[in-house]
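*Asks:* kindly generate the corresponding structure for this input.
(one chain, ligands or ions: 2)
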Amino acid sequence: MTIDPIKLDRLAEVAVRTGVNLGEGQELVITAPIEALPLVRRIVVHAYKAGASLVTPLFNDGEITKARYEHGADASFDAAPAWLFEGMGKAFSDGAARMAITGDDPMLLAEVDPKLVARVGKATSIAAKPAMTPIVGFAVNWNIIAYPTMDWAAQVFPDLPVEEAQGKLMDAIYDASRIGGDDPVQNWADHTAELKKRVKWLNDQGFDALQYTGPGTDLRLGLAEGHIWKGGASPALNGIVCQPNIPTEEVFTCPHAYKVDGTVTATKPLAHQGSVIEDISVRFEAGKIVDATASKGQEQLRALLKTDDGASRIGEVALVPHSSPISQSGVLFYNTLFDENASCHIALGQCYADTIEGGSELSPEELQQKGGNQSIIHVDWMMGSDAVDIDGITLTGEVVPVMRGGEWAF
Ligand code: ZN
Ligand code: ZN
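*Replies:* Ligands and ions are numbered 1, 2, ... in the order given. Sure, this is the predicted structure:
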């Protein structure tokens with residue numbers, strides 16, 4: 001069994017039509033691992049069929065990434081192609097849509113000095129700002145999907161021959177992405193309607209904070225002033241309704257960067273920058289992580305938290321029921337796009353401006369005053385399970401059940 005070409009083509013079509021929802025005459029910029037070429041080719045076909053004016057793919061390669069760590073001079077680890085990100089930023093401000101293909105080997109850099117990886121990560125995040133700002137601010141329609149590369153598949157299904165693992169990972173991606181059945185576009189419309197019901201209820205409650213209780217977790221998480229819950233397809237500022245993540249099972253909003261207190265323990269490993277960090281446990285005081293441990297990848301975790309001031313505070317809180325299809329599949333993907341959609345999660349770093357009322361018009365300082373965190377990183381990590389209860393706390397101190405045993409309580 002290898003990758004089913006029909007499934008690959010349908011994934012490409014759904015990504016173009018439902019994911020990014022490419023506009024007539026719009027440009028599309030794609031970034032992808034070079035191994036994802038078969039998927040990118042199908043995306044390009046569907047993009048031109050949908051009326052794209054120009055599709056520009058940009059490829060990366062794991063071996064090339066590793067060669068830098070093996071042979072690069074010290075100064076190489078603070079270098080980043082600012083010119084490339086400025087060009088991408090210009091493309092977005094001129095109206096281009098963005099598509100990213102994920103699927104790199106989660107363990108690509110596991111043997112590399114974490115300090116070097118952190119330096120490269122920081123230099124890249126700073127240089128990437130012109131390209132990331134329109135995405136984080138939802139100025140343009142964008143979408144992320146996944147391609148089952150061989151090394152990734154081998155990590156997810158270590159007991160299978162690699163070709164079989166790749167086919168199986170493709171099937172898992174396909175199922176998680178709700179593409180099966182006769183009408184994936186309708187599937188997605190129904191799924192979005194379901195997410196919007198949860199969004200509406202949460203917005204109607206106007207909670208001041210959420211209280212999480214579970215094994216190793218006792219957390220009071222304040223919500224930002226004027227926070228808005230979001231989920232499913234939404235219009236970007238250019239007016240195009242897109243589905244940024246495929247799959248997506250989350251409803252999410254902006255936590256208050258200075259009002260988070262207590263402890264929280266991760267429920268899944270976190271694949272980050274080519275390493276896997278396991279059993280994360282952190283303690284917050286007034287929104288800041290003051291203590292952080294991990295059974296594996298502790299150095300990577302500490303380097304991540306030190307990236308900048310906002311890296312040890314959170315910018316996103318998301319709710320995902322334990323019964324989500326990804327969670328039910330029992331597959332641990334070692335890829336945040338999937339694992340975060342199998343579990344309640346929080347994200348270290350940058351907030352999404354559009355999860356605060358009128359946030360897209362606010363300066364970074366104004367966002368921060370409302371509790372919106374600022375950082376060059378945004379890293380989601382999973383802390384939900386069937387053993388976690390969540391209550392909403394209203395401004396008057398009333399306690400309202402939100403989740404019980406990992407499932408919606410309303
Ligand atoms: Zn999320
Ligand atoms: Zn996130």
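
*Asks:* C-alpha from now on. contacts and neighbour counts both.
*Replies:* Fine.

*Asks:* and the residue lying closest to residue 176 once chain neighbours are set aside, how many neighbours?
*Replies:* Leaving out its chain neighbours, the residue that sits closest to residue 176 by Cα to Cα, 6 or more residues apart in numbering is residue 326, at 5.5 Å. The number of residues packed near residue 326 is 25, by other Cα atoms under 10 Å.

*Asks:* does residue 326 touch residue 337 like I think?
*Replies:* No. Here residue 326 lies out of contact with residue 337, judged by Cα atoms under 8 Å, at a distance of 10.7 Å.

*Asks:* any idea how far the residue nearest to residue 150 when sequence neighbours are not counted is from residue 148?
*Replies:* Counting by Cα to Cα, 6+ apart, residue 150 lies nearest to residue 166, which is 5.9 Å off, once chain neighbours are set aside. Look at residue 166 and residue 148: by Cα to Cα, to the nearest Å, they are 6 Å apart.

*Asks:* which pLDDT does the model give the closest residue in space to residue 60 that isn't next to it in sequence?
*Replies:* Take residue 60 and drop its neighbours on the chain: the residue closest to it by Cα to Cα, 6+ apart is residue 33, 4.8 Å away. Reading off the confidence values, residue 33 has pLDDT 98.

*Asks:* cool, and the one 4 residues further on?
*Replies:* pLDDT recorded at residue 37 is 97.

*Asks:* looking at this, it is in a helix?
*Replies:* Yes. With the criterion set as DSSP: H, G, I helix; E, B strand; the rest coil, the secondary structure at residue 37 is a helix.

*Asks:* residue 201 sits in which helix or strand?
*Replies:* Residue 201 belongs to helix 184-205 when elements are defined using DSSP states H and E.

*Asks:* adjacent strands (with direction) for whichever helix or strand comes after that helix?
*Replies:* Next helix or strand after helix 184-205 toward the C-terminus (DSSP H and E): strand 209-214. If you go by DSSP bridges, strand 209-214 pairs up with strand 217-223 (antiparallel), strand 389-393 (antiparallel).

*Asks:* chain center to the helix or strand following the first one, what's the gap?
*Replies:* The reference is to strand 217-223. The first helix or strand that comes after strand 217-223 along the chain, using DSSP H and E, is strand 234-235. Averaged C-alpha coordinates place strand 234-235 at 17 Å from its chain's average position (Cα atoms, centre = their mean, to the nearest Å).

*Asks:* what's the answer for stretch 385-402, then?
*Replies:* Centroid separation between stretch 385-402 and its chain, computed with Cα atoms, centre = their mean, is 24 Å.

*Asks:* ditto for stretch 119-132
*Replies:* 17 Å.

*Asks:* what's the mean pLDDT across that stretch?
*Replies:* Averaging pLDDT along stretch 119-132 yields 95.

*Asks:* check which residues of that stretch are buried.
*Replies:* The neighbour-count check on stretch 119-132 (16 or more other Cα atoms under 10 Å) flags 119-132 as buried.

*Asks:* tabulate those residues (CSV), appending distance to residue 384 and secondary structure.
*Replies:* Shown next, in CSV, are these (distance: Cα to Cα, whole Å; DSSP: H, G, I helix; E, B strand; the rest coil):
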residue, distance to residue 384, secondary structure
119, 30, helix
120, 30, helix
121, 27, helix
122, 28, helix
123, 32, helix
124, 30, helix
125, 28, helix
126, 31, helix
127, 33, helix
128, 31, coil
129, 30, helix
130, 33, helix
131, 31, helix
132, 28, helix
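
*Asks:* what would those residues look like in JSON lines with distance to residue 189?
*Replies:* As requested, the buried residues of stretch 119-132 are arranged in JSON lines below (distance: Cα to Cα, whole Å):
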{"residue": "119", "distance to residue 189": "42"}
{"residue": "120", "distance to residue 189": "40"}
{"residue": "121", "distance to residue 189": "36"}
{"residue": "122", "distance to residue 189": "38"}
{"residue": "123", "distance to residue 189": "39"}
{"residue": "124", "distance to residue 189": "36"}
{"residue": "125", "distance to residue 189": "34"}
{"residue": "126", "distance to residue 189": "36"}
{"residue": "127", "distance to residue 189": "36"}
{"residue": "128", "distance to residue 189": "33"}
{"residue": "129", "distance to residue 189": "32"}
{"residue": "130", "distance to residue 189": "32"}
{"residue": "131", "distance to residue 189": "29"}
{"residue": "132", "distance to residue 189": "27"}
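
*Asks:* where does the stretch 301-410 of the chain dip in pLDDT?
*Replies:* When residues are selected by pLDDT under 70, none of them lie in the stretch 301-410 of the chain.

*Asks:* all helices of it, in order?
*Replies:* Along the stretch 301-410 of the chain, the stretches classed as helices by DSSP state H, counting those that start in this stretch are 325-328, 336-339, 364-369.

*Asks:* residue 212 bridge partners, please.
*Replies:* When assigned by DSSP bridges, residue 212 has beta-bridge partners residue 219, residue 390.

*Asks:* that one contacts residue 387, correct?
*Replies:* No. Counting by Cα under 8 Å, residue 212 stays clear of residue 387, with 10.4 Å between them.

*Asks:* compare the two (neighbour count), which wins?
*Replies:* Applying other Cα under 10 Å to residue 212 and residue 387 shows that residue 212 carries more neighbours, namely 22 against 13.

*Asks:* contact partners for the more buried one?
*Replies:* When contacts are counted by Cα atoms under 8 Å, 6 or more residues apart in numbering, residue 212 is found next to 218-221, 388-391.

*Asks:* about what we covered before: can you pull the buried residues of the helix holding residue 201?
*Replies:* Applying a neighbour-count criterion of 16+ other Cα under 10 Å, the buried positions in helix 184-205 are 184-185, 188, 191-192, 195-196, 198-199, 202-203.

*Asks:* assumed residue 145 was part of a strand.
*Replies:* Yes. Read with three-state DSSP, residue 145 is one of the residues of a strand.

*Asks:* residue 15 is in contact with that one, correct?
*Replies:* Yes. If you go by Cα under 8 Å, residue 145 and residue 15 touch, sitting 7.0 Å apart.

*Asks:* show me whatever sits in contact with both of those two.
*Replies:* Residues touching both residue 145 and residue 15 comprise residue 246, with contact defined as Cα under 8 Å, 6+ apart.
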